[in-house]
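K.L.:
coords please:
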Amino acid sequence: MNSIPVRCLPPPSVGLTVRDEGSPLARPDLITTFSVSFDVDVIVSADDLLIRNNSLGGALVDSSMLVMTYDSTTFTATWDFRDLILDPAFYSFELSSDIVSAASNLSIDGDADGNAGGAYAESIYVALPGDANLDGQVSVLGDAFALVGGLGANSGAT
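P.N.:
Below is the predicted model:
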């Protein structure tokens, strides 16, 4: 009797995360969107994104008002932050291990070890307005040097 090889599908994993629709002019003091692209089609819901304020010891942020859309052609989930303003702080955006592949019903491989299970986490910093060097504080010297350097004054521009 001949056996037919069984092809096991890998669990879904995160391919790419993008803050603010990938804009190079995204403001570090504001989040408008957060997008996650998966390597396969997944079943994901709005509450699969957990937000922890790491500046407050990892306290969960109430994200119940976030709206999420999913594009099944690009396998991309996008959360809209218009109704949730995050205070300046360091955050951890975590994707629940409840996200599963639409084809294999395997849980997401959040820790990238090749096995299903485990949450995925992305560190996000929401800056204070004026924090040009993104060090978590607004300071005249540090932020002024970052601004001057960014304007090209170090190379003779005025």
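K.L.:
from here on, contacts and neighbour counts on C-alpha atoms
P.N.:
Noted.
K.L.:
what does the domain assignment say about the protein?
P.N.:
Under automatic domain parsing, the residue ranges defining each domain of the chain are 14-126, 131-158.
K.L.:
Turn those domains into TSV, including mean pLDDT.
P.N.:
Below are these laid out as TSV (pLDDT from 0 to 100):
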stretch	mean pLDDT
domain 14-126	91
domain 131-158	60
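K.L.:
okay, those domains in a markdown table with mean neighbour count next?
P.N.:
Compiled in a markdown table, the domains of the chain are given as follows (neighbours: other Cα atoms under 10 Å):
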| stretch | mean neighbour count |
| --- | --- |
| domain 14-126 | 17 |
| domain 131-158 | 14 |
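K.L.:
Strands of this structure, residue ranges please.
P.N.:
For the chain, applying DSSP state E gives strands covering 14-19, 33-38, 42-43, 49-53, 59-60, 67-71, 76-80, 89-95, 100-101, 120-126.
K.L.:
Show me the one of these that comes nearest Asp111.
P.N.:
Distances from Asp111 to each of the strands of the chain were compared by Cα to Cα, and the smallest falls on strand 120-126, at 6.0 Å.
K.L.:
would you put the C-alpha positions of the closest one in PDB?
P.N.:
Once side chains and other backbone atoms are set aside, the C-alpha atoms of strand 120-126 remain, and they are given as PDB (Å, rounded to 0.1, in the frame of the first residue of the first chain):
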ATOM      1  CA  TYR A 120       3.300  38.700  18.900                       C
ATOM      2  CA  ALA A 121       4.500  42.000  20.400                       C
ATOM      3  CA  GLU A 122       5.700  45.200  18.800                       C
ATOM      4  CA  SER A 123       7.100  48.100  20.800                       C
ATOM      5  CA  ILE A 124       5.600  51.500  20.000                       C
ATOM      6  CA  TYR A 125       6.700  54.900  21.300                       C
ATOM      7  CA  VAL A 126       4.200  57.700  21.300                       C
END
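K.L.:
ok, now which ones touch Ser123?
P.N.:
With Cα atoms under 8 Å, 6 or more residues apart in numbering as the criterion, the residues that contact Ser123 are 90-93.
K.L.:
Out of the strands of the chain, flag the one nearest Gly136.
P.N.:
With Cα to Cα as the yardstick, what comes closest out of those is strand 89-95 (7.6 Å).
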